[in-house]
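Okay, structure incoming, though there's no sequence with it:
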């Protein structure tokens with residue numbers, strides 16, 4: 001398929017809540033999954049980061065997340081629950097604002113339930129960076145960006161200044 005343009009901070013579609021994927025839509029979304037893959041890998045080549053991407057980041061308003069760490073994982077209609085009380089603080093980045101990082105707090109652990117590409121229900125227990133990553137991506141499905149989760153007014157920095165950050 002193709003590398004798609006990533007919608008950037010301020011684009012109104014990024015603040016919309018996505019529609020659930022229906023079972024009869026899965027096959028038709030295969031090209032979108034490929035576009036997400038291509039776009040993620042293009043971003044990695046340009047910026048050296050990127051582990052996952054949500055469909056609304058390329059303007060597809062469906063509850064779909066694509067993650068590629070050591071192999072691809074497709075999440076249709078992901079739901080996060082069993083979120084730990086313990087929080088972690090980190091500098092979060094996003095493909096929608098590639099030159100900016102934002103200090104946020106996320107749950108240290110959680111569970112994600114989703115449908116895979118065969119429409120089978122799957123469950124994963126997530127910790128630390130994987131927990132943070134999928135909380136970030138699921139936020140996209142609800143129209144929430146990391147900038148909305150900033151800890152305070154001093155929780156923003158340019159990526160080029162990351163060496164000075166705590």
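Great, that's in hand. Quick caveat: nothing in here was measured; it's all calculated off a predicted structure. Numbers count the residues shown, from 1 in each chain.

starting at the chain centroid, how far to stretch 95-104?
With Cα atoms, centre = their mean, to the nearest Å as the basis, stretch 95-104 stands 12 Å off its chain's centre.

Which residues does it contact?
6-9, 11, 14, 43, 46-47, 50, 53, 57, 89-94, 145-147, 149-152, 154-160, 162, 165 (Cβ atoms under 8 Å, 6 or more residues apart in numbering). The C-beta positions use only the backbone N, C-alpha and C, and glycine is treated the same way.

Quick check on those residues: which are buried?
Buried members of the contacts of stretch 95-104, counted by 16 or more other Cβ atoms under 10 Å: 6-7, 14, 43, 50, 53, 57, 91-94, 145-147, 149-150, 155, 157.

Which ones among the contacts of stretch 95-104 lie within strands?
Per DSSP state E, strands hold the following members of the contacts of stretch 95-104: 53, 89-93, 156-158.

For this protein, give me the ranges with low pLDDT.
Residue ranges of the chain with pLDDT under 70: 1, 166.

do that again at 80, thanks
1, 162-166 (pLDDT under 80).

if you go through it in chain order, where are the helices?
30-47, 128-141 (DSSP state H).

Now render the ones you listed as a markdown table, adding distance to residue 65.
Listed next are the helices of the chain as a markdown table, based on distance: least, Cβ to Cβ, whole Å:
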| stretch | distance to residue 65 |
| --- | --- |
| helix 30-47 | 8 |
| helix 128-141 | 4 |
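
Many thanks, I have nothing further to ask.
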